[in-house]
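Novice: Model the following, please.
(2 chains)
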Amino acid sequence: MYRYDEFDDAFVRDRVAQFRDQVTRRLSGGLTEDEFKPLRLKNGVYLQLHAYMLRIAIPYGTLSARQMRQLARIAETYDRGYGHFTTRQNLQFNWPKLRDIPDILELLADVGMHCIQTSGNCIRNVTADHFAGVAADEIEDPRPVAELIRQWSSLHPEFDYLPRKFKIAVTGATHDRAAILAHDVGIAIVRNAAGEIGYRIIVGGGLGRTPMIGKVVREFLPKPELLAYLEAMMRVYNLEGRRDNKYKARVKILVHEIGIEEFRARVEAEYATIDGSATNADPAEAARIAAYFAPPAYETLPAESPAFAAAKAANPAFAAWVENNVFPHRQPGYAALTISLKAIGQPPGDASAAQMRAVADLAERYSFGEIRVTHHQNLVLPHVRQADLFALWQALGAADLAEANVGLITDIIACPGLDYCALATARSIPIAQALAKRFADPARQREIGPLEIKISGCINACGHHHVGHIGILGLEKRGAESYQITLGGDATENAALGEIIGPGIAAEAVPDAIERLVETYLALREKDEPFIAAIRRLGLAPFKAAFSGEVRHAAA
Amino acid sequence: MSSPAPRIALPAILIANDLRNGDVVVRAAAGWSRDPREAVIAHDRAAAERLAAEAAAELAANRVVDAYLIDVTLGDAGEPVPNHFRERVKLRGPSIRPDLARVPGRTSTGART
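Specialist: Modelled structure (predicted):
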């Protein structure tokens, strides 16, 4: 894992001191709210419905056990004993007091963390594949490049006042787990015909009120040229992105309006003027960063652990958990496991301080002290010996963290929605809870197979509903909460935007409506055909018919 | 920051977040309170205007943020219940965490909680 050097530490400490002074001036009346708001947002402090909210950056979703333990301490000391892991691989505290936030930032700095650029019109926290360094289909670990971009973009003076926020995601694997086609810029580590490693650069993806799938702006960018090319792209966006209308200010709108060919031409023209040697990372510095992400000291183990196989054979519940939550590791005898934060009936992504501590302890004992946060709002222990999985599963069970539903219908993404968020138009979490309860039966979940439900409580789409196999968007309709259902979205390399299948429905009607969609799938699927594949083959017509039948039934 | 809306439907109350700790507060007879039952209820236009003026003054005095009037219906005990579901969630707390609901008590805090 990356560790702060003296420069990083001093940089973050300075920023804490600066914000402490700003908070003091705000509390004493020296700064008005209008003056303070942009300052607090640059430090991750929002004002939500019930309280302030603090968003903590977890760069590319990588956390150490020590950092997780500190988050637990903050949750207990300064919040209400829990935190919320988000679709941006970050953590949010829902109840910090403004007067305490400088002290919280100090505690974060103690473990090499901060809240810088988790809000505001700047380059936000860089996200990445949560199985970085683990997946067998990985060309190269995306974390060194994500860290390089983090350092380059932190307080970059030229890109501190962009037309709008800017999100970058990186994957090093062929299967995209980082949703790079739904980001302002997506970076895929690829190999060209000559076998050289470089980057495919995608631009103009995004969700929100105008969802777009990203387009390729450069098919192959040689590795050493990354920062200069990114700088050229950011310059084009910074100069030409709209500033007259915040709803049209994201780079996706610029790319859409001028077309990808024209955008590419402008970027290449700008790129030609940049002195790459002054901008690109010094190879020695790139190597220094990469060294932090060297694989841990694995033991040499057989590919299959006999003890693991015996435990699975003897314990069907363990075997079911392994089937859903364990991911193959490139290192023989090891596994990566996903800890579901989707216990049936619980708010998706929430973890108590005790759970955070339990995960920290288990990471230290079994996973080289390393933890990942996924954009699906789950946690990952990336490097576990297969032989330890049974003991680990038992320990997770004791902490209410052994739900065997990763990738299944109850592994639902949901934004905080109107239960917390000042922007929300409807609640999301109660919909997720009701659906999880409806489909709680483990055998039925496995029968249904991989199915991603994603719920947003407003059009800003933090819950990624556009790219859910089933997407649910909460809106206000005639003074009541109303839910619009979309079908056929996909967040992977086959990215697609879901299509609306009918009129909005009331919260109470959502479980039955989703039930009808699932029944339709089960009736029409071919052997072993996943939900999303069936929708692609069948089209929306049979699902729309089932949905409108349900809506008529509910209205009768 | 919302500006108070004198044209709001009546009856109405004034709500805000406390500057220091973010708590949702209602405008009471003596400063701000965490207990909605202590809210001053504007039954007529003149009372709503007075609350709106207080909101502006309290924002300017940096005691609260996001102060605005909401229209309510009075419950059986005379307590104000917001007409809009958003404001009901705001006054009560997250619907999914009843354990964190704002427990009404006689906890009038004055301006500086």
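
Novice: residue ranges with poor pLDDT in the stretch 251-400 of chain A?
Specialist: Counting by pLDDT under 70, the stretch 251-400 of chain A contains no low-confidence range.

Novice: where do the strands sit along it?
Specialist: For the stretch 251-400 of chain A, applying DSSP state E, counting those that start in this stretch gives strands covering A:326-328, A:334-339, A:350-352, A:370-373, A:379-385.

Novice: Then the stretch 401-550 of chain A?
Specialist: A:413-414, A:453-456, A:470-477, A:480-487, A:499-500.

Novice: Same list (those) but as JSON lines, adding mean neighbour count and distance to chain B.
Specialist: C-beta: built from backbone N, CA, C; applies to glycine. Listed next are those as JSON lines, based on neighbours: other C-beta atoms under 10 Å in any protein chain shown; distance: least, C-beta to the nearest C-beta, whole Å:
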{"stretch": "strand A:413-414", "mean neighbour count": "30", "distance to chain B": "10"}
{"stretch": "strand A:453-456", "mean neighbour count": "29", "distance to chain B": "13"}
{"stretch": "strand A:470-477", "mean neighbour count": "24", "distance to chain B": "8"}
{"stretch": "strand A:480-487", "mean neighbour count": "21", "distance to chain B": "6"}
{"stretch": "strand A:499-500", "mean neighbour count": "16", "distance to chain B": "23"}
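
Novice: Pipe these into JSON lines and attach mean pLDDT per row.
Specialist: As requested, the strands of the stretch 401-550 of chain A are arranged in JSON lines below (pLDDT from 0 to 100):
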{"stretch": "strand A:413-414", "mean pLDDT": "98"}
{"stretch": "strand A:453-456", "mean pLDDT": "98"}
{"stretch": "strand A:470-477", "mean pLDDT": "98"}
{"stretch": "strand A:480-487", "mean pLDDT": "98"}
{"stretch": "strand A:499-500", "mean pLDDT": "98"}
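
Novice: got CSV for these, with distance to A:Ala269 too?
Specialist: Below are these laid out as CSV (distance: least, C-beta to C-beta, whole Å):
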stretch, distance to A:Ala269
strand A:413-414, 39
strand A:453-456, 37
strand A:470-477, 38
strand A:480-487, 38
strand A:499-500, 37
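
Novice: what's the longest helix in chain B?
Specialist: helix B:45-60 (DSSP state H).

Novice: In terms of secondary structure, what does that helix contact?
Specialist: Judged by 3 or more C-beta pairs under 8 Å, 6 or more residues apart in numbering or on different chains; DSSP states H and E, helix B:45-60 is in contact with strand B:12-18, strand B:24-28, strand B:64-74.

Novice: let's go with 7 Å and repeat that
Specialist: Helices and strands touching helix B:45-60, by 3 or more C-beta pairs under 7 Å, 6 or more residues apart in numbering or on different chains; DSSP states H and E, are strand B:12-18, strand B:64-74.

Novice: can you give me how far that helix is from the chain middle?
Specialist: 12 Å (C-alpha atoms, centre = their mean, to the nearest Å).

Novice: what residue ranges in chain B are flagged as low confidence?
Specialist: In chain B (pLDDT under 70), the answer is B:1-6, B:103-113.

Novice: repeat that with 50
Specialist: B:1-4, B:104-113 (pLDDT under 50).

Novice: got the residues of it near chain A?
Specialist: B:1, B:17, B:19-24, B:62, B:65-66, B:84-86, B:89-90, B:93-96, B:100 (C-beta under 7 Å from any C-beta of the partner chain).

Novice: ok, of these, which come out buried?
Specialist: B:17, B:19-24, B:62, B:65-66, B:85-86, B:89-90, B:93-96, B:100 (16 or more other C-beta atoms under 10 Å in any protein chain shown).

Novice: re the thing from before, restricted to strands, list the residues of chain B next to chain A.
Specialist: Judged by DSSP state E, strands contain the following of these: B:17, B:24, B:65-66.

Novice: Nearest to A:Tyr292 among the strands of the stretch 251-400 of chain A would be which one?
Specialist: strand A:370-373 (11.8 Å; C-beta to C-beta).

Novice: And the closest one, what's buried?
Specialist: Buried-residue list, strand A:370-373, by 16+ other C-beta under 10 Å: A:370-373.
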